[in-house]
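# have a look at this fold, sequence not included:
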């Protein structure tokens, strides 16, 4: 369901939900249940600022059915509700995802986006299992053991970016400056107990104690943290060069690279030991960059108008 929370329509909501319950013909005590809820709230703070907050939560609990052993090419001949595990074997999982997205538009060309997201996933697998290859077809004896695994996965993510559109002369640019921070933490607790026999034709359950999770040794836990800074530097650099040395007016025909190089050599004739290195014009650039290698192992960048051959500046 969805609708308005304010008369002016500045605050909207949406709510999705699910509840499901089912039984099984198998001999488990545990019902299969799932609960899912996902509310979303959207707030138009001003004509130029929007905020959206969302949440997803899932709770799932069901019987852990590990199946039945095989005799020859078919399942062992037992009643259809027979189980090889325990009646109270369960698998539980919980998932939570919550966060927000904020956008502010300074004008038609510049906007700021900020978002944060936290998610967690908890998984608990607590069963009496058996080795598929350890079944005596004649006696019906199945060697079982307690198996428990509990895992947690948590993620934190923060993103901020500034996007701008502008033009230098006839060239259009899009600038993106962004910061992404994230952290992931994953821990796992596992346990496998000793084997105990079960007669699949005449089973007696509740003979294997399940471990106390607080006493189970853990392994596989680690924490990973990643911090990153992303900048599309050449867009900023092109803009700064245009501000410093002026912009190029596009013409129908550009000069050859050889002519541009000759013009640069003539302009820097007083430095005969400066050698021409890299010559390039990157996509969306409106000028050529000619690199001069100096004897002291440093470089000098020269910016040249590709249509007139005029040196616009250097650094």
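Right, received. Where do you want to start? Given the structure is predicted, the values throughout are model-derived calculations rather than measurements.
# my guess is residue 150 meets residue 93, correct?
No - applying Cβ atoms under 8 Å as the test, residue 150 and residue 93 come out as separate, 10.7 Å apart. Glycine gets a C-beta too; all of them are placed from N, C-alpha and C.
# overlap of the contact sets of those two?
122, 123, 124 (Cβ atoms under 8 Å, 6 or more residues apart in numbering).
# skipping adjacent residues, who's closest to the first one in space?
Pointing back at residue 122 there. Distance criterion Cβ to Cβ, 6 or more residues apart in numbering; nearest residue to residue 122, sequence neighbours excluded, is residue 94 at 4.5 Å.
# what comes up buried for the helix or strand where residue 183 lies?
In this structure, residue 183 sits in strand 171-199 according to DSSP states H and E. Across strand 171-199, burial judged by 16 or more other Cβ atoms under 10 Å covers 171, 173, 175, 177, 189, 191, 193, 198.
# so what's residue 299 closest to, chain neighbours aside?
Residue 299's closest residue in space is residue 291 (Cβ to Cβ, 6+ apart), at 5.2 Å.
# tell me which helix or strand of the protein sits lowest on mean pLDDT?
strand 222-231 (a mean of 48; mean pLDDT, DSSP states H and E).
# what's the separation between residue 195 and residue 142?
10 Å (Cβ to Cβ, to the nearest Å).
# surely residue 287 and residue 307 touch.
No - Residue 287 is beyond contact range of residue 307, at 9.9 Å (criterion: Cβ under 8 Å).
# tell me which of the two has more neighbours.
residue 287 (25 against 16; other Cβ atoms under 10 Å).
# and the more buried one, what does it touch?
So residue 287 contacts 241, 245, 248, 281, 303, 304, 305, 306, 312 (Cβ under 8 Å, 6+ apart).
# quick check: phi and psi at the second one.
Just to be clear, that refers to residue 245. Main-chain torsions, residue 245, degrees, to the nearest 10: phi -120, psi 0.
# just give the nearest non-adjacent residue to it, would you?
Nearest non-adjacent residue to residue 245 (Cβ to Cβ, 6+ apart): residue 313, at 3.7 Å.
# wait, isn't that neighbour in contact with residue 264?
No - at 12.0 Å, residue 313 does not count as touching residue 264 under the criterion of Cβ under 8 Å.
# export the shared contacts of residue 150 and residue 93 to CSV and tack on pLDDT, distance to residue 75 and neighbour count?
Shown next, in CSV, are the shared contacts of residue 150 and residue 93 (pLDDT from 0 to 100; distance: Cβ to Cβ, whole Å; neighbours: other Cβ atoms under 10 Å):
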residue, pLDDT, distance to residue 75, neighbour count
122, 91, 33, 15
123, 87, 28, 16
124, 87, 28, 17
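# quick one: which of the residues you listed sit in strands?
Mapping the shared contacts of residue 150 and residue 93 onto strands (DSSP state E) picks out 122, 123, 124.
# give me the below-cutoff pLDDT ranges for this structure.
168-171, 211-243, 282-285 (pLDDT under 70).
# 50 instead?
219-225, 227-232 (pLDDT under 50).
# domain assignment for it?
Domain assignment for the chain, taken from automatic domain parsing, gives 2-231, 244-314.
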